[in-house]
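**Q** Got a sequence here, can you model it:
(chains A and B)
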Amino acid sequence: MFDLSGKRALVTGASGGIGREIAKAMAAAGASVALSGTRVGALEDTAKEIGKACPILPCNLSNLDDVDKLVPAAEAALGGLDILVNNAGMTRDNLFMRMKNEEWDEVIAVNLTAAFHLSRAVLRGMMKQRFGRIINVSSVVGVLGNPGQGNYAASKAGIIGMGKALAHEVASRGITVNAIAPGFIGSAMTDELNDKQREGILATIPAGRLGTAAEVAGCAVFLASDAAGYVTGHTLNVNGGMAMI
Amino acid sequence: MSDIADRVRKIVVEHLNVDAEKVTEKASFIDDLGADSLDQVELVMAFEEEFSVEIPDDAAEQIQTFGDAVGFLQKAVG
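**A** Below is the predicted model of the structure:
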């Protein structure tokens, strides 16, 4: 039911924690996975962990010329695309009153505009084959907001709204568009929190622990699978209960 | 009936699942043949592939009827 055999996926941000786990989980479920990211070495590590041939497609998502080459490259490498995971994201935190135009623009460009370009690019192939899965990785911050992250929150809320609009348009063609909104997920970044910061965060999470990237990846596999064929325009909150919405 | 018109009609019939005799010169894809706006986009994509041409958005917007499509493609393909 959660089998992805024969499916072809492109995962952006596949060098990072959550993206890497999504790529691994989809490959383990049988999919062929093209890995995109900025750090080639980390992408090669992901491919090694997967243990089968994965096209490695480095791409700087803040450069739209590069972005527009990514989907054709993935389709050429895999013979088409069934699954797009817009996972890549970045932060440039600052208080709203101090936020520079560049900090705003850069985050919106990578987290939202690139996802728009990539989603648009996969539609032609997916419409023709009458099957497609677009999975946008949002964030609990896009749903609740967070101080210092006006740009990030806007991009992550934006990707949810964008996905819903697209879900309306393409549902009749067998294409689903969904979002995953992770809460606090254990990563290199959360490892650096001190005990007090960690306690403060955990106090807001009913589950009493951080999530794992694998727990996010499992949700991505579900949304990509036939089991989720009737789920579209949805945002799956993966946050240990910190926001039950 | 030209070869281009036959090829266009075949695409329209297959894509919109309508009878070939309904696909007349003046037949509007949306008003007469039951297409929605996404069908129209898909038809244009199918024409592009069949005839190996690129149909720009502003030209695509002008293609409302079977006759429009045939007229455009006759000019474009030459």
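**Q** Quick check, pLDDT for B:M1.
**A** Listed pLDDT for B:M1 reads 50.
**Q** ignore the last one, A:A220
**A** pLDDT at A:A220 comes out at 98.
**Q** repeat for B:D31
**A** At B:D31, pLDDT is 95.
**Q** Where does the prediction get shaky in the chain?
**A** All of this refers to chain A. A:189 (pLDDT under 70).
**Q** not what I meant, chain B
**A** B:1.
**Q** Just the helices from it, written as ranges.
**A** B:3-16, B:37-51, B:57-62, B:66-77 (DSSP state H).
**Q** next one: chain A
**A** Under DSSP H, chain A gives helices at A:17-28, A:40-50, A:64-78, A:101-108, A:114-129, A:140-144, A:150-170, A:188-191, A:195-202, A:213-224.
**Q** Alongside chain A, which residues does chain B contribute?
**A** B:L38, B:E42, B:M45 (CB under 8 Å from any CB of the partner chain). Bear in mind the C-beta positions are built from the backbone N, C-alpha and C, glycine included.
**Q** Provide a list of residues in contact with A:S187.
**A** A:G16, A:G17, A:I18, A:A213 (CB atoms under 8 Å, 6 or more residues apart in numbering or on different chains).
**Q** Distance check, it against chain B.
**A** 39 Å (CB to the nearest CB, to the nearest Å).
**Q** I'd say A:G80 and A:Q129 touch.
**A** Yes: counting by CB atoms under 8 Å, A:G80 does reach A:Q129; the two are 6.9 Å apart.
**Q** Nearest to the middle of chain B, which residue? Look it up for me.
**A** Centroid-nearest residue in chain B: B:A69, 4.4 Å away (criterion: CA atoms, centre = their mean).
**Q** sorry, back to before: nearest to A:L43, of the contacts of A:S187?
**A** A:G16 (10.1 Å; CB to CB).
**Q** For that closest one, which residues are in contact?
**A** Contacts of A:G16 by CB under 8 Å, 6+ apart are A:G37, A:A42, A:N87, A:A88, A:S187.
**Q** Next: A:R173.
**A** Taking CB under 8 Å, 6+ apart as the test, what A:R173 contacts is A:M126, A:M127, A:R130, A:G132, B:L38.
**Q** Kindly state the beta-bridge partners for B:S28.
**A** On the basis of DSSP bridges, B:S28 is bridged to B:T65.
**Q** Any idea how many residues pack against it?
**A** B:S28 has 13 neighbours, counted by other CB atoms under 10 Å in any protein chain shown.
**Q** Equivalent analysis for the one 10 residues further on, please.
**A** Other residues within reach of B:L38 by the criterion other CB under 10 Å amount to 14.
**Q** now swap in the one 4 residues further on and tell me
**A** Neighbours of B:E42 under the rule other CB under 10 Å: 19.
**Q** can you check B:G78 too?
**A** Neighbours around B:G78, by other CB under 10 Å: 6.
**Q** And it, how far from B:Q62?
**A** 18 Å (CB to CB, to the nearest Å).
**Q** ok, now which ones touch the residue nearest to A:I18 when sequence neighbours are not counted?
**A** Among residues not flanking A:I18 along the chain, A:A213 sits closest, at 4.7 Å (CB to CB, 6 or more residues apart in numbering or on different chains). By CB under 8 Å, 6+ apart, A:A213 lies in contact with A:G17, A:I18, A:R20, A:E21, A:I22, A:I185, A:G186, A:S187.
**Q** Let's see that with 6 Å instead.
**A** Contact partners of A:A213, counting by CB atoms under 6 Å, 6 or more residues apart in numbering or on different chains, are A:G17, A:I18, A:E21, A:I185.
**Q** ok, now A:L61?
**A** A:V67, A:A88, A:V110, A:A114.
**Q** Same list, those residues, but as TSV with neighbour count and distance to A:I56 please.
**A** Shown next, in TSV, are those (neighbours: other CB atoms under 10 Å in any protein chain shown; distance: CB to CB, whole Å):
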residue	neighbour count	distance to A:I56
A:V67	23	16
A:A88	25	14
A:V110	24	19
A:A114	25	18
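**Q** just those now: which is nearest A:A31?
**A** Checking these one by one against A:A31 (CB to CB), the nearest turns out to be A:A88, at 18.3 Å.
**Q** That closest one against A:G13, yeah?
**A** Yes: if you go by CB atoms under 6 Å, A:A88 and A:G13 touch, sitting 3.2 Å apart.
**Q** The closest residue to A:A115 other than its chain neighbours: neighbour count?
**A** Nearest residue to A:A115, sequence neighbours excluded (CB to CB, 6+ apart): A:N86, at 4.0 Å. Neighbour count of A:N86, defined by other CB under 10 Å: 29.
**Q** How much space separates A:N86 from A:K196?
**A** 34 Å.
**Q** And for B:Q62?
**A** 65 Å.
**Q** For the two, indicate the residue with more neighbours.
**A** B:Q62 (12 against 8).
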